[in-house]
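A.B. asks: just to be clear, the model below is a prediction. Sequence and coordinates:
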Amino acid sequence: MLKDCDVSTRIPAQDLARARQFYSSKLGLEPIEERPGGLRYKCGNGYFTLFQSAGTASGAHTQMGWEVHDIEATVRELRQRGVAFEEYDFPGLKTVNGIARIEGNYPSKAGAAEKGAWFRDSEGNLLAIGQTVF
């Protein structure tokens, strides 16, 4: 049933025009579809929608992430576009120059590690990029 279906994420935006500008200028993304109160984007084989919301994003957890091939290059490029990356120093999660290495994060991938980096969009949503490393 659901395991055979595609997944799409919904991201709230208090100011849809401001969010559209952030996703365009900072992330280089343009919507593939527009409707009143919403913008739909395609990345790889997945989709996400920014929707007009009166609520405020908690920003307390990762709401969406991209899997990239070269996280260092991606962080560098996004920083050049003005994206500010989060820095963390918790037990089991410490970033160095915005990037954390998490060991054994994927048992399904022979225990591979992951490098991750987090940033907030214009609406306070916490977004991530990640790279599997062997």
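C.D. replies: That came in fine, so what should we check first?
A.B. asks: quick check: G46 vs R101, distance?
C.D. replies: The gap separating G46 from R101 is 25 Å, by C-beta to C-beta, to the nearest Å. C-beta here means a position set from N, CA and C on the backbone, and glycine is covered the same way.
A.B. asks: out of the helices and strands in this structure, which is least certain?
C.D. replies: Ranked by mean pLDDT, DSSP states H and E, the weakest helix or strand in the chain is strand 99-106, scoring a mean of 84.
A.B. asks: got the contact list for A13?
C.D. replies: Shown in contact with A13 (C-beta atoms under 8 Å, 6 or more residues apart in numbering): 19, 50-53, 122-123.
A.B. asks: now, which of the residues you listed sits nearest K3?
C.D. replies: Among those, F51 lies closest to K3 (C-beta to C-beta), at 25.5 Å.
A.B. asks: list the buried residues of the least confident helix or strand of the chain.
C.D. replies: Across strand 99-106, burial judged by 16 or more other C-beta atoms under 10 Å covers 99-102, 105.
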